[in-house]
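> Okay, here's the prediction I keep looking at, along with the sequence it came from:
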Amino acid sequence: MLPCKRISEGVRQPVKAFYPWRVIAVRHFSPPGGERVLPYTSEQGVILIALLWVLTALSLLALNLAFTVRTEAHAAQASVEAERCYFYARGGLEAALYRIIFPNKDDEKQREFFPYAGGMNHYWMSNEDTTCHVAVLDEAGKIDLNFARVETLIRLLSNIGVKDPLNSSLAEAIVKWREPQVRSTGDVDDGSSTPAEEIRHRPFTSVEELLLIKGMTQEILYGMPKRKEDGRVVVRRGLAEYVTVYGGSIQINVNYAEPEVIGALPGLDLDTAQTVVQAREEGPFKSSGDLSQRISGIFQGEALSMMTTQLSPHYCLISTAFAKGSKARRSIKTVVKRDETLKSRHEKLIWYDEYWPSDRVLKWAEVEPNIEAIRALSQIKIIDFQREM
């Protein structure tokens, strides 16, 4: 007897013969009063599987699109926060500069605006979203390239990790560059193979000019980044952090000089320099006599003669702004000359729109902007920030 199927009229009729390998499931009879039920074929199964794969691919595309949108949104937010930090750092720098050039008539308030600690003066500005710290340093706290001796430069290069004999050759080339006599381009690394040509003396006009010195590299001059064990990226500081062309003298301001600079003076080393740094944490040196009295027996006459406590008219300002609750940060650096003959009473000599400050500066940028926090962190007195600034 042939299989039968039930149609809606309820009449039993035979169906055509079918083959088992073409039928997935067969219902011979539909429920009473129901519609006709046809068998499912293998082609329909393939379509179902293909549809599942299409849905899976679409899901993956949707996930990838969501991840891309999320990444772009975070990048856009970081870019906005970085721009906000930049302009806030710029505003903080201008605010600090204004208070320096036009000081408060109340000396006590002026001192509170610029507390001294860690070999620099500090200025803070903050709002709900951003905090800005401005470090104020005297350019005389660095070694002037146009006055430094060969021996001083050799010791400075050694203190920042430049080994012998490279430190000696660099120091000699730096001094030879500014000598008032004819010299050869053999001391200039211009990358050419043409015959040497006579070039006459001229003093350094910028620190970046050191790149023309034979043997000087960007790594030596600017330093290079390195990653610490905790994952933080820090910069191994280069020679540019310790030299200047605006000092105007062979003397350095010991209240603003770093240990590497102090240790480069005749008869001193890094250990002695650390002793000087610790001594000024008790209060800045008021004079050379105060320095020799508080640190007796350490300095030779020559080293003491190369130190001063008087502020120069050239200042370095490093402004760093942080976005609260974010890792966004921007830093700006400028060197300013105080000039009473100008209407603005100052002149910006150099401007770095992008700057990576050292840990020495960054550790102060995260301090709350109040005098009590400064005293607690540095455990020192507040310097009398001289009004001639």
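Yes, it's here.
> Burial check on Phe102, number of neighbours?
The number of residues packed near Phe102 is 10, by other Cβ atoms under 10 Å. C-beta coordinates here come from the backbone N, C-alpha and C atoms, glycine included.
> start the count at 20, not 1, going forward
Let's use 20 as the start, then, which means that last one is Phe121.
> For it, give me phi and psi.
Here the main-chain torsion angles of Phe121 (degrees, to the nearest 10) amount to phi -120, psi 80.
> got the contact list for the closest residue to it other than its chain neighbours?
Nearest-residue entry for Phe121: Arg364, 7.5 Å, with adjacent residues in sequence omitted and distances by Cβ to Cβ, 6 or more residues apart in numbering. For Arg364, the contacting residues are 120-121, 357-358, taking Cβ atoms under 8 Å, 6 or more residues apart in numbering as the criterion.
> Separate out the buried members of the residues you listed.
Buried residues within those, defined by neighbour count using 16 or more other Cβ atoms under 10 Å: 120, 357.
> of the contacts of Arg364, closest to Ala190?
Minimum distance to Ala190 across the contacts of Arg364 is 31.1 Å, recorded for Arg357 (Cβ to Cβ).
> So for the residue most central in space within the chain, what's the pLDDT?
With distances taken as Cα atoms, centre = their mean, the residue of the chain nearest its centroid is Trp375 (2.5 Å). Here the pLDDT value assigned to Trp375 is 86.
> do Gly308 as well
In this model, Gly308 is scored at 81, pLDDT.
> Kindly state the pLDDT recorded for the closest residue in space to Arg313 that isn't next to it in sequence?
When the adjacent residues along the chain are set aside, Arg313 lies closest to Ala298, with 5.6 Å between them (Cβ to Cβ, 6+ apart). Per-residue confidence at Ala298 stands at 87 (pLDDT).
> and Ala298, backbone torsions?
Recorded main-chain torsions at Ala298 are phi -70, psi -40, according to degrees, to the nearest 10.
> Let me know how buried it is, in neighbour terms.
By the criterion of other Cβ under 10 Å, Ala298 has 16 neighbours.
> now do Val280
Per other Cβ under 10 Å, the neighbour tally for Val280 reads 25.
> I'd say it and Lys161 touch.
Yes. When contacts are counted by Cβ atoms under 8 Å, Val280 is listed as touching Lys161 (6.3 Å).
> circling back: contact partners for the residue nearest to the centre of the chain?
With contact set as Cβ under 8 Å, 6+ apart, Trp375 has these partners: 244, 254, 350.
> and if you look at Met144?
Contacts for Met144 (Cβ under 8 Å, 6+ apart) come out as 107, 110-111, 114-115, 150-151, 153, 388.
> Now secondary structure and distance to Ser187 too, for those residues, in CSV please.
Listed next are the contacts of Met144 as CSV, based on DSSP: H, G, I helix; E, B strand; the rest coil; distance: Cβ to Cβ, whole Å:
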residue, secondary structure, distance to Ser187
Tyr107, helix, 45
Gly110, helix, 45
Gly111, helix, 42
Ala114, helix, 45
Ala115, helix, 40
Thr150, strand, 45
Cys151, strand, 42
Val153, strand, 38
Pro388, coil, 45
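> got the residues you listed as TSV, with distance to Lys182 columns?
Listed next are the contacts of Met144 as TSV, based on distance: Cβ to Cβ, whole Å:
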residue	distance to Lys182
Tyr107	41
Gly110	43
Gly111	39
Ala114	43
Ala115	39
Thr150	40
Cys151	39
Val153	36
Pro388	42
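> can you redo those residues as CSV with distance to Ala136 and pLDDT?
Listed next are the contacts of Met144 as CSV, based on distance: Cβ to Cβ, whole Å; pLDDT from 0 to 100:
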residue, distance to Ala136, pLDDT
Tyr107, 23, 94
Gly110, 23, 93
Gly111, 18, 93
Ala114, 20, 92
Ala115, 16, 93
Thr150, 17, 90
Cys151, 17, 92
Val153, 14, 95
Pro388, 13, 57
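> Most widely separated two among the residues you listed?
Pairwise distances across the contacts of Met144 (Cβ to Cβ) peak at 14.6 Å, for the pair Gly110 and Pro388.
> Tell me the secondary structure of Val181, please.
Here Val181 is coil, with the state taken from DSSP: H, G, I helix; E, B strand; the rest coil.
> Which helix or which strand is home to Gln329?
Following DSSP states H and E, there is no helix or strand that holds Gln329.
> how about Ile162, what does it touch?
When the contact criterion is Cβ under 8 Å, 6+ apart, the partners of Ile162 are 171-172, 175, 261-263, 266, 271, 280, 283.
> related to what we said a few turns ago, most neighbours among the contacts of Trp375, which one?
For those, counting by other Cβ under 10 Å, the largest number of neighbours falls to Ser350: 24 neighbours.
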